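[1] Structure here, sequence nowhere to be found:
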């Protein structure tokens, strides 16, 4: 017979497994909903620039990102379907197990009812007790009759609980089957849409091939802009390093003169930026938040990644990431620090913020609301993103540097 303890453990394990699956399902649904919102935002952005006859690198980036997000959404739906398949299999197994247990409990209970019916008279019970060989045996028989009655009640309760659990599992199984059907339908729709987007991408890339001369001119212009931005950023960072070295050397000489010893050598390279206790703590705090930094805009999608980006037969190197965001979006500091430089390059602003040995760069701003030397806090607004008058895109260029060395921002920002 199945003991109460075994049944309790079995039901508890079902609850734990159900909670774990529910959490996984909820995470996948949240990711799918987030991808749907990001795709919709990109489509709105794209619809504003489709009337432009001139094709730009930024427009291609938006289209490529839209396809990438659509593919990720399909993969997420696939994961949901796999999870539901596992849930359906598990629920089916559980239903069979519960049904077998219920049948066994009912059979055992029927046997007890039959036994009780045959021995239901008070006379029979008394004779059973009085027929004992001694007082100890009579006492044990009396306790047996009492325990038998209690056990019948427990078995009846086990049957009710098992029936309830069985009904819940059957309902859950039906719900999961309907959900799987809806997901498969949604998946087919997404695949059809993806096919259309890829066809549109092929058309646009074909335009790029025909406009290769124009594209190369734009790439050349882009490379000049990148080179100018890099020179300006490097110059500002190198000035910071040189100034920090000058202060550190002056302090070392002053300390040596006071103690009558030889001046200690100062830290080399960008490490000199973190020689003071405050700067060292800021650097350590910034590093410890790798992978958890907030995005520099509240809403956006990465449309050009760190490193080499290819457009047809030409490539562009990117020292940061380009983030497509709605027009008029505010830009915010990803960490507390000090504004090192505010530049105006070709009508667009660049803000450079120092975080000890690290720097963050916010480029392509329409306006800047901070000034050089100002202390800023995490998520403080520092400006707004500019919208390109020619292609209608609104994209923030964002970089993270350790000293003058560019690092991949995607490994620093929160997912």
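    Perfect, thanks for sending it. Everything numeric here is computed off the predicted structure, so don't read it as measured data. Numbers count the residues shown, from 1 in each chain.

[2] Now do the helices in this structure.
    Applying DSSP state H to the chain gives helices spanning 4-47, 57-118, 122-130, 135-210, 212-259, 277-288.

[3] can you tell me which of these the model trusts least?
    If you rank these by mean pLDDT, helix 122-130 sits at the bottom with a mean of 51.

[4] gap between residue 345 and residue 384?
    As judged by Cβ to Cβ, to the nearest Å, residue 345 and residue 384 stand 16 Å apart. Where C-beta positions appear, they are placed from N, C-alpha and C, glycine not excepted.

[5] Actually, residue 271.
    Using Cβ to Cβ, we find residue 271 at a distance of 35 Å from residue 384.

[6] the more surrounded of those two?
    residue 384 (21 against 16; other Cβ atoms under 10 Å).

[7] can you pull the contacts of the nearest residue to that one once chain neighbours are set aside?
    In space, and not counting its chain neighbours, residue 384 is closest to residue 366: 5.0 Å by Cβ to Cβ, 6 or more residues apart in numbering. Residue 366 sits next to 348, 349, 383, 384, 385, 386, 387 when contact means Cβ atoms under 8 Å, 6 or more residues apart in numbering.

[8] could you dump those to a markdown table with distance to residue 194?
    Compiled in a markdown table, those are given as follows (distance: Cβ to Cβ, whole Å):
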| residue | distance to residue 194 |
| --- | --- |
| 348 | 34 |
| 349 | 37 |
| 383 | 36 |
| 384 | 33 |
| 385 | 29 |
| 386 | 31 |
| 387 | 28 |
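
[9] and which of the residues you listed is nearest to residue 26?
    If you rank the contacts of residue 366 by distance to residue 26 using Cβ to Cβ, residue 385 comes first, at 32.8 Å.

[10] Please name the bridge partners of that closest one.
    With DSSP bridges as the criterion, residue 385 is bridged to residue 365.

[11] Now do it against residue 297, distance only.
    Shown here: residue 385 relative to residue 297, a distance of 7 Å by Cβ to Cβ.

[12] hey, what's in contact with both of these two?
    Common contacts of residue 385 and residue 297 (Cβ under 8 Å, 6+ apart): 325, 329, 331, 396.

[13] Most neighbours among these, please name it.
    Counting neighbours by other Cβ under 10 Å, residue 331 leads these with 28 neighbours.

[14] tally of neighbours for the residue nearest to residue 179 when sequence neighbours are not counted?
    Of all residues not flanking residue 179 in the chain, residue 84 sits nearest, at 6.1 Å (Cβ to Cβ, 6+ apart). Neighbourhood size, residue 84 [other Cβ under 10 Å]: 22.

[15] Test my guess that residue 84 contacts residue 181.
    No - when contacts are counted by Cβ atoms under 8 Å, residue 84 is not listed as touching residue 181 (9.7 Å).

[16] contacting residues for residue 348?
    363, 364, 365, 366, 386.

[17] Make TSV out of the residues you listed and add distance to residue 164 and pLDDT.
    Shown next, in TSV, are those (distance: Cβ to Cβ, whole Å; pLDDT from 0 to 100):
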residue	distance to residue 164	pLDDT
363	62	95
364	61	94
365	62	96
366	63	94
386	62	94
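
[18] Thanks a lot, catch you later.
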